[in-house]
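>>> I would like to see how this sequence folds:
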Amino acid sequence: MLAFGQLPPDRRKPLIDAAIQGGVEFLLGMDPAMAAYPTGYSTKPSQSWWKFGFPVFYVTEVLQVVEALVGLGYGGDPRLANALALVRSKQDAQGRWPMEYSYAGRPGWTLARRRRRTSG
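Numbering: from 1, shown residues only. Okay, here's the model as predicted:
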């Protein structure tokens with residue numbers, strides 16, 4: 001979804017438009033701020049969903065879903081309102097967001113963690 005958002009609409013093929021619609025229907029089929037998506041192995045979403053961090057590796061978070069949907073033009077969709085409010089609620093007085101998780105100790109990311117305890 002993030003990649004599709006980077007593709008100008010006039011360059012999208014019908015198959016891409018269908019994939020976008022399917023993804024949007026899935027992601028906005030329930031409130032992204034609640035994350036009650038079917039996981040196949042658990043009835044509760046991972047706590048990682050509500051923690052902002054970098055890099056995301058194999059997990060995702062509500063922030064990445066918001067980024068993808070806004071990039072596709074769904075920023076004004078009322079179904080995204082709670083997720084946008086959640087993102088805004090984590091912003092500090094300097095307009096930054098905390099890094100709530102990191103992959104400290106993993107090659108290449110220890111320095112990034114030390115240098116960027118918040119966004120910006």
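>>> now do the helices in this protein.
Using DSSP state H, the helices found in the chain span residues 2-6, 14-27, 62-71, 81-89, 110-115.
>>> pick the most deeply packed of the ones you listed.
Comparing those by mean neighbour count (mean count of other CB atoms under 10 Å), helix 62-71 ranks first with a mean of 19. Where C-beta positions appear, they are placed from N, C-alpha and C, glycine not excepted.
>>> now that one against helix 14-27, angle please.
Between helix 62-71 and helix 14-27, the angle comes out at 140 degrees (axes from the mean of the first three to the mean of the last three CA atoms, to 10 degrees).
>>> columns mean pLDDT on top of the helices of the chain, output as JSON lines?
Converted to JSON lines, these look like this (pLDDT from 0 to 100):
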{"stretch": "helix 2-6", "mean pLDDT": "94"}
{"stretch": "helix 14-27", "mean pLDDT": "96"}
{"stretch": "helix 62-71", "mean pLDDT": "94"}
{"stretch": "helix 81-89", "mean pLDDT": "96"}
{"stretch": "helix 110-115", "mean pLDDT": "49"}
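>>> residue 101 against residue 56, yeah?
No - counting by CB atoms under 8 Å, residue 101 does not reach residue 56; the two are 9.5 Å apart.
>>> report the contact partners of residue 72.
Neighbouring residues of residue 72 by CB atoms under 8 Å, 6 or more residues apart in numbering: 1, 4, 5, 20, 24.
>>> follow-up on the earlier one: which one of the helices of the chain lies closest to residue 35?
Residue 35 lies closest to helix 62-71 among the helices of the chain, at 6.8 Å (CB to CB).
>>> contact partners of that closest one?
By CB under 8 Å, 6+ apart, the residues outside helix 62-71 that reach it are 1-2, 4-6, 23-24, 27-28, 32-33, 35, 49-50, 52, 56, 75, 77, 80, 83-84, 86-87, 97.
>>> and what of stretch 80-94?
Applying CB under 8 Å, 6+ apart, the set of residues contacting stretch 80-94 from outside is 28, 31-34, 50, 52, 62-63, 65-66, 69-70, 74-75, 97-98, 118, 120.
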